[in-house]
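> My questions concern the predicted model and sequence given below.
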Amino acid sequence: MSKRCSWAGPDPIYLDYHDTEWGMPEWDSRALWEKLILDGFQAGLSWITILKKRDNFRAAFEGFDPATIANWGEADVQRLLQNEGIIRHRGKIEATITNAQAYLQIDDFSKLCWSYVGGRPLQNRFKSMDDVPAATDISTQFSKDLKKRGFKFCGPTIVYAWMQACGLVNDHIITCPQHDTCAAMA
């Protein structure tokens with residue numbers, strides 16, 4: 001019997017995200033960076049909050065262009081703290097600027113990210129969402145390495161959620177139709 005991952009619903013924005021984006025392998029460096037930033041903003045909140053504000057984030061952060069954001073200063077932080085369309089958290093906003101600077105120091109962010117899983121999505125076969133870990137040895141190591149490079153708001157749990165979202169790991173449960181779809185993309 002086919003059954004979606006339990007977190008996917010009932011809100012249509014969640015269903016669409018689950019069915020068209022979550023777990024699909026992402027190879028574009030800038031898109032990977034954007035999703036890492038959004039996962040950092042999600043810390044302590046529900047993902048639906050971020051999804052509903054994602055277009056606002058993209059507008060406020062100039063399409064998540066790291067080269068632009070890396071040059072921002074206190075005036076930009078203050079501007080963003082006044083933007084009701086995003087999560088107004090000084091630490092997360094400042095971390096985005098710092099993370100843009102760190103991102104620009106990496107030759108190929110996508111290559112770096114995918115190196116942690118051997119260049120191919122890891123294929124898990126969990127029977128229920130209760131079986132899915134919050135973090136793994138890989139996400140812990142990746143988190144440590146990102147922090148050494150200057151990244152912030154990228155702990156092991158955030159990194160693992162990001163790995164799931166970007167398809168570095170396939171954590172759709174085995175009864176979910178998207179499990180096989182994502183596995184075929186590996």
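Cool, the structure landed.
> For this protein, give me the ranges with low pLDDT.
Along the chain, the parts satisfying pLDDT under 70 run over 1.
> Now do the strands in it.
122-123, 169-170 (DSSP state E).
> Comparing those, which stretch has the densest surroundings?
strand 169-170 (a mean of 24; mean count of other Cβ atoms under 10 Å). Using the backbone N, CA and C atoms, a C-beta is placed for each residue, glycine as well.
> Within its sheet, name the partner strands of it and how each one runs.
Its sheet considered, strand 169-170 pairs with strand 122-123 (parallel) by DSSP bridges.
> what's next to the strand it pairs with, contact-wise?
Residues from elsewhere that reach strand 122-123, judged by Cβ atoms under 8 Å, 6 or more residues apart in numbering: 138, 168-170, 183, 186.
> Now for the residues you listed: which two are most distant?
I138 and A183 (18.3 Å; Cβ to Cβ).
> count of residues packed around C166?
Using other Cβ atoms under 10 Å, C166 has 25 neighbouring residues.
> Isn't it up against P25?
Yes. With contact defined as Cβ atoms under 8 Å, C166 counts as touching P25 (7.3 Å).
> Overlap of the contact sets of the two?
With contacts defined as Cβ under 8 Å, 6+ apart, no residue is adjacent to both C166 and P25.
> so where do the helices sit in the protein?
12-20, 29-42, 47-60, 66-69, 74-81, 90-103, 109-115, 137-148, 156-165, 177-185 (DSSP state H).
> Distance to K3 and mean neighbour count for these - can I get that in JSON lines?
Listed next are the helices of the chain as JSON lines, based on distance: least, Cβ to Cβ, whole Å; neighbours: other Cβ atoms under 10 Å:
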{"stretch": "helix 12-20", "distance to K3": "12", "mean neighbour count": "14"}
{"stretch": "helix 29-42", "distance to K3": "25", "mean neighbour count": "21"}
{"stretch": "helix 47-60", "distance to K3": "20", "mean neighbour count": "15"}
{"stretch": "helix 66-69", "distance to K3": "39", "mean neighbour count": "18"}
{"stretch": "helix 74-81", "distance to K3": "40", "mean neighbour count": "14"}
{"stretch": "helix 90-103", "distance to K3": "34", "mean neighbour count": "20"}
{"stretch": "helix 109-115", "distance to K3": "30", "mean neighbour count": "17"}
{"stretch": "helix 137-148", "distance to K3": "26", "mean neighbour count": "16"}
{"stretch": "helix 156-165", "distance to K3": "18", "mean neighbour count": "22"}
{"stretch": "helix 177-185", "distance to K3": "9", "mean neighbour count": "16"}
